[in-house]
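[1] let me see the structure of the following:
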Amino acid sequence: MAERTLVLIKPDAVRRGLVGEILRRFERRGLAIDAMVQRTMDGRLADAHYAQHLEKPFYPPLKDFMTSGPLVALILAGDEAIEVVRTMVGATDARKAAAGTVRGDLALSNRENLVHASDSPDSARREIGLWFPELA
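    Sure thing, here's the model as predicted:
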C-alpha cells in the first residue's frame, strides 16, 4: 500500500501562478494525487493545523500569511511519499534550500516558502484528517 502525505501549496505559490509547476514536479516523480482542493484556510483550521506552534512568536505572522488567500491542499501517495516529498520541497528556509528542490528553485523566504509537507507518518495522518476528514 502506498504511503500518503499532505501537501499544501501555499498562498504565495498560488499568487505567483506556480501551482502547475509544483504539481508537475510531483507527478513527474511518480507520486499520485489522491485528493486535491483549492480553498482558503480559516483561523480555526490554521490553529488546528499548527497546534504545536500556537504559543511561539513566529506563529501570528505565519497564521496571517496562511489565511491570506487561497491555497491548494492535496494528498500525494507513493512509495515512501513523506520522505520523497520532503526531499523534493527542500529546506524550510528557502534561502538555504538546495538547487533542484521546489524551494531552492522558486522561493527566497523562510515563511513564504511555497509548500508545506507533512514531516512524519503521524503528522500526515493528523493533517489529512484535518483537511480531508472524509478520507482519513
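[2] which helix or strand contains Phe65?
    Assigning secondary structure by DSSP states H and E places Phe65 in helix 59-66.
[3] let me see the mean pLDDT of the very next helix or strand once past that helix.
    Using DSSP H and E, the helix or strand that follows helix 59-66 towards the C-terminus is strand 70-78. Averaging pLDDT along strand 70-78 gives 98.
[4] and the residue positioned nearest the centre of the chain, what pLDDT?
    The residue lying closest to the centre of the chain (CA atoms, centre = their mean) is His116, at 2.3 Å. pLDDT for His116: 97.
[5] that's a helix at it, yeah?
    No: the assignment for His116, made by DSSP: H, G, I helix; E, B strand; the rest coil, is strand rather than a helix.
[6] neighbours around the closest residue in space to it that isn't next to it in sequence, how many?
    Of all residues not flanking His116 in the chain, Leu8 sits nearest, at 4.0 Å (CB to CB, 6 or more residues apart in numbering). For the C-beta atoms, the positions are set from N, CA and C on the backbone; glycine is no exception. Neighbour count for Leu8, taken as other CB atoms under 10 Å: 20.
[7] give me phi/psi at Leu8?
    Backbone geometry at Leu8, expressed as degrees, to the nearest 10, gives phi -110, psi 120.
[8] for it, which residues are in contact?
    Listed by CB atoms under 8 Å, 6 or more residues apart in numbering, the contact set of Leu8 reads 71-74, 115-117, 131.
[9] show me where this protein has its strands.
    Ranges of strands in the chain, per DSSP state E, are 3-9, 32-40, 70-78, 115-117.
[10] just the closest of the contacts of Leu8 to Ala97, please.
    Val115 (10.4 Å; CB to CB).
[11] picking up where we left off before, select, from the contacts of Leu8, the two members most distant in space.
    Largest separation among the contacts of Leu8 by CB to CB: Val115 and Trp131, giving 14.2 Å.
[12] between these two, which has more neighbouring residues?
    Per other CB under 10 Å, whichever of Val115 and Trp131 has more neighbours is Val115, with 28 against 22.
[13] which strand residues bridge the more buried one?
    Val115 forms beta bridges with Ile9, as assigned by DSSP bridges.
[14] in this structure it contacts Ala13, no?
    Yes: if you go by CB atoms under 8 Å, Val115 and Ala13 touch, sitting 6.8 Å apart.
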